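Enquirer: sequence and predicted model, in that order:
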Amino acid sequence: MVSPDDADQVYVCGFRLMVSRDGGATFERGGEKVFRLLDHPGKGMHLDMHDLWIDPGNPDRILLGTDGGLYESRDRAKSWLHLNNLPIAEFYTVYLDRAKPFRIWGGTQDNASLTGASSALLVDEKPDDWSYVYLDPWDGGDGFATFPDPSGDGTVYYEHQNGDMRRKRPGAPLRWGRDSGRRITPRAGKDGPKYRFAWNTPLFPSVHGEGVLYCGTQFAMRSTNRGDAWERISDDLTGGGGAITTLVESPVDAKRLIAGAGRRVSLTADGGKTWTNVSEGLPRASVQRVAASSAEAARVYVCLSRAGAGDHRPYLFRSEDFGATWIVMAEGLPHAPVNVVLEDPRGTGWVFAGTDFGVYGSRDGGATWASLSRGFPTAPVMDLALDADSGTLVAVTHGLSAFALDVKGLR
């Protein structure tokens, strides 16, 4: 972008902001001295510049949009004020721990992984109730699956893109280093196939065994020692390409697992010894998310998407016979992709769906749906979790942060 009062002053957004003062003949990095509205452990300017606006009435004033949020300069990009009081986190995942009251954990797009008290509120002039699980050397980092060890010993697991999984020791420093923990990404043997990982690789702790973790490559993987070692518990479940993008364990039966990769849904009822492709009867569409019932071992859910082909209709299905047949659940949902489905773990019969247009609930197996989005922005809901003790439903969005709803009255 060219300054409106000086044709030789040119700004170029990229990995960093580059500025030329001689019409583009030479460039130098823009200033990276940063002040912040709210306290932040970051040390400088966030990377990845996306948009820039120059005030036509005062070209000294510039607004810059980055992966780290919104910045304002009053001296032509020499220094910046980080306007970091905007609730605009782009969450990928959410996990609720067992603390009383519970805490919320989640990974975000290039702003690392975060945790916050379930009672956290956005209040002006008060310290932020949210804190970072880690920060990379550039004050960000893509965060995905993030959760504390269920033992409560202070160990935390978190994940970067493409399956970079880490176990952080209790009391470790914020920034990753040799003394902060261990990388626990599964590694293939010399004679085995190289593991493939999704951008958002599934990783989660078992509810049935202490120290047990699951994750996905092209294979379903299990660790019984908190990620120190992994074993394959499936053949290639992708059909020969890509990686598993969604993997869950049944809360009812420890031997039942559901995996999704590409257009394929695979199930096991014997702890991974045998797997069945149950995609027959489902539309030819990408598997977005699978879910297991908290009440019936044979009940499973699948969210699909054809948005890449220009089809933005909702695709949501349920099986009552472990994938032998499928029931359409999306008839009453809005014309928007369904990103996640969650069955109420309290046994109320309610099912919740996170869509690009907010959160919806059904108490009749998807025959009818009601919007639960009063006071909720129109933003894509990427993940849902429900704390059974408090009856609190937490929805995380890709762009407008996290929201909690009291659903105790939904019976």
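Expert: Here it is on my side, so go on.
Enquirer: check contacts around Tyr11.
Expert: 1-3, 17-19, 30, 52, 54, 62, 77 (C-beta atoms under 8 Å, 6 or more residues apart in numbering). The way it works is simple: take the backbone N, C-alpha and C, and place the C-beta from them, glycine included.
Enquirer: of all those residues, the one with the weakest confidence?
Expert: Lowest pLDDT within these is found at Met1 (93).
Enquirer: am I right that Gly365 is in a helix?
Expert: No - counting by DSSP: H, G, I helix; E, B strand; the rest coil, Gly365 is located in no helix; its state is coil.
Enquirer: so it touches Arg318, yeah?
Expert: Yes - in this structure Gly365 lies within contact range of Arg318 using C-beta atoms under 8 Å: 6.7 Å.
Enquirer: can I get the contacts of Tyr11 in JSON lines with secondary structure and neighbour count?
Expert: What follows is those, written out as JSON lines (DSSP: H, G, I helix; E, B strand; the rest coil; neighbours: other C-beta atoms under 10 Å):
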{"residue": "Met1", "secondary structure": "coil", "neighbour count": "13"}
{"residue": "Val2", "secondary structure": "strand", "neighbour count": "14"}
{"residue": "Ser3", "secondary structure": "strand", "neighbour count": "19"}
{"residue": "Leu17", "secondary structure": "coil", "neighbour count": "24"}
{"residue": "Met18", "secondary structure": "strand", "neighbour count": "18"}
{"residue": "Val19", "secondary structure": "strand", "neighbour count": "19"}
{"residue": "Gly30", "secondary structure": "coil", "neighbour count": "24"}
{"residue": "Leu52", "secondary structure": "strand", "neighbour count": "19"}
{"residue": "Ile54", "secondary structure": "strand", "neighbour count": "21"}
{"residue": "Ile62", "secondary structure": "strand", "neighbour count": "24"}
{"residue": "Ala77", "secondary structure": "coil", "neighbour count": "23"}
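Enquirer: could you pull out the helices for the stretch 301-411 of the chain?
Expert: Per DSSP state H, counting those that start in this stretch, the stretch 301-411 of the chain carries no helices over any range.
Enquirer: show me the shaky parts of it.
Expert: Of all residues in the stretch 301-411 of the chain, none has pLDDT under 70.
Enquirer: quick check, central residue of this structure?
Expert: Among the residues of the chain, the one closest to the centroid is Tyr92, at 1.5 Å (C-alpha atoms, centre = their mean).
Enquirer: okay, and the common contacts of Gly365 and Arg318?
Expert: Common neighbours of Gly365 and Arg318 (criterion: C-beta under 8 Å, 6+ apart): 327, 329.
Enquirer: who has more neighbours out of the two?
Expert: Neighbour totals were compared for Gly365 and Arg318, and Arg318 leads with 20 against 13 (other C-beta atoms under 10 Å).
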